[in-house]
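Asks: Pasting the sequence and the predicted coordinates here, then a few questions.
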Amino acid sequence: MTRPAGRAMVAFPQKSRSGSTMRLLLAEDNEDLGDAVYRHLKNAGHSVEWAQRGDAVLDAVRAEPYDALILDLMLPGRDGISIIEELRRARNAIPILVVTARAEIDDKVSLLDRGADDYLVKPFDLRELDARLRAILRRPAGRMTSLVTYGDLTVDLAGHSVAIDRHPVELSRREFRLLEILLARMGSVVPKERLMAQLFSFDEMVSINALELYVSRLRRKLDGAALEIVTIRGVGYVARLADDGE
C-alpha cells in the first residue's frame with residue numbers, strides 16, 4: 001500500500017451507487033486510525049483516496065466524483081465544519097459521514113444542521129462504519145435528507161426526531177443516541193460494554209443499570225412499532241423488525 005503524504009489514491013474496479021463497490025474519500029489526519037480505516041475499506045474492494053489535510057479534501061472533491069466522504073472534524077489546513085459548509089454552499093450533495101471524538105459530540109446537532117448526513121463517534125467498530133455508509137448511500141443521489149425508515153418507524157438523524165406511522169415520539173437526547181447506535185447495527189448484537197462507552201462519558205459514574213433503564217424507556221416509547229429491541233442475555237441488545245424474529 002502506498003502511504004499518503006498529502007493524499008494517496010488506490011484504484012479499484014468501480015460500480016454504481018447501487019453496487020457493492022464504492023468510490024470513497026477518507027479525510028483523517030490520525031495516522032493509525034486513517035491506516036486502519038483505509039486498509040479496511042481497501043480490503044472490502046472499494047476505491048479509496050485518503051486526504052490528511054482539509055484543503056486537500058476540497059481539492060479532491062472538486063476534481064473527482066465520490067460516492068461518500070468520511071470526514072474527521074479536526075484536520076490541519078481546514079476544519080471539517082468549514083468543509084461541510086463550503087460543499088453545501090456549492091450545492092455539492094456528496095453524502096458526508098463525520099467522524100468525531102466524544103469531546104466534540106455537543107457539535108453533532110450543528111454539523112447535521114449544516115449539511116452532514118450522519119456521524120460516528122470515536123472509537124468505533126469498523127462494521128458500524130460499513131453500516132453507516134450503507135445507510136447514507138441508500139438515499140437517492142442528490143437528495144440531501146437525513147430521514148431513514150425501518151418499517152413504520154421513521155428517524156430524522158438531523159432533526160433528532162422519531163415517528164411511528166407518522167405520529168411523533170418524544171425521545172430524550174440519550175434515548176435517541178441509544179436508538180441510533182442500535183439502528184447502525186440493525187440485526188446485529190451490540191454488546192452492553194460498547195453501548196456504555198458510547199452513551200456515557202468517562203467521568204460519569206454509572207452502572208449497567210443505567211443502560212438497562214434507558215433501554216427500558218426506549219422500548220416503552222417504541223411500543224407498537226414494527227421495530228423491536230431484543231435482549232441477548234449476558235451479551236447485549238439487537239434492533240430488528242418484528243417480522244425478522246424467529
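Replies: Happy to help now that I have it. Fair warning: this is a prediction, and the values are worked out from it, not measured in the lab.

Asks: Quick one: the strands in this structure, in order.
Replies: 7-10, 23-27, 47-51, 68-72, 96-100, 118-121, 147-150, 153-156, 161-164, 167-169, 190-191, 227-232, 236-241 (DSSP state E).

Asks: Of all those, which one is nearest Arg219?
Replies: In this view, those are compared for proximity to Arg219 by CB to CB, and strand 227-232 is the closest at 5.4 Å. Placement of C-beta: from N, CA and C, glycine included.

Asks: Which strands or helices does the closest one pack on?
Replies: helix 208-221, strand 236-241 (3 or more CB pairs under 8 Å, 6 or more residues apart in numbering; DSSP states H and E).

Asks: Apply 6 Å and report the result again.
Replies: Secondary-structure packing of strand 227-232 (3 or more CB pairs under 6 Å, 6 or more residues apart in numbering; DSSP states H and E): strand 236-241.

Asks: could you give the angle of the strand it packs on to helix 208-221?
Replies: 10 degrees (axes from the mean of the first three to the mean of the last three CA atoms, to 10 degrees).

Asks: Now tell me what touches strand 236-241 from outside.
Replies: The list of residues contacting strand 236-241 from outside it, by CB atoms under 6 Å, 6 or more residues apart in numbering, reads 151, 182-183, 186-187, 189-192, 226-227, 229-231.

Asks: got it, and stretch 58-75?
Replies: By CB under 6 Å, 6+ apart, stretch 58-75 touches 17, 22-29, 49, 51, 54, 80, 94-100, 104, 133.

Asks: Could you list the low-confidence segments of the protein?
Replies: 1-20, 102-110, 138-146, 157-158, 201-204, 244-246 (pLDDT under 70).

Asks: per-domain residue ranges of it.
Replies: Domains of the chain are assigned by automatic domain parsing as 7-137, 175-244.

Asks: looking at those, which is closest to Ser161?
Replies: domain 175-244 (8.4 Å).

Asks: isn't Phe200 right next to Ala210, touching?
Replies: No - the pair formed by Phe200 and Ala210 falls short of the contact definition of CB atoms under 6 Å, at 7.2 Å.

Asks: coming back round to it: just the buried residues out of the contacts of strand 236-241, in ChimeraX syntax.
Replies: If you want just the buried ones from these in ChimeraX, going by 16 or more other CB atoms under 10 Å, the selection is:
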select :182,183,186,189,190,192,226,227,229
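
Asks: now the contacts of strand 236-241 in CSV, with distance to Arg166?
Replies: As requested, these are exported to CSV (distance: CB to CB, whole Å):
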residue, distance to Arg166
Gly151, 13
Leu182, 22
Leu183, 18
Met186, 21
Gly187, 24
Val189, 30
Val190, 27
Pro191, 33
Lys192, 33
Ala226, 13
Leu227, 15
Ile229, 21
Val230, 25
Thr231, 28
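
Asks: And the contacts of strand 236-241, which is closest to Tyr119?
Replies: Leu183 (13.4 Å).

Asks: ok, the spatially closest residue to the closest one that is not a sequence neighbour to Thr100 distance?
Replies: Leaving aside its sequence neighbours, Leu183 sits nearest to Ala239 (CB to CB, 6 or more residues apart in numbering; 5.7 Å). According to CB to CB, to the nearest Å, Ala239 and Thr100 sit 22 Å apart.
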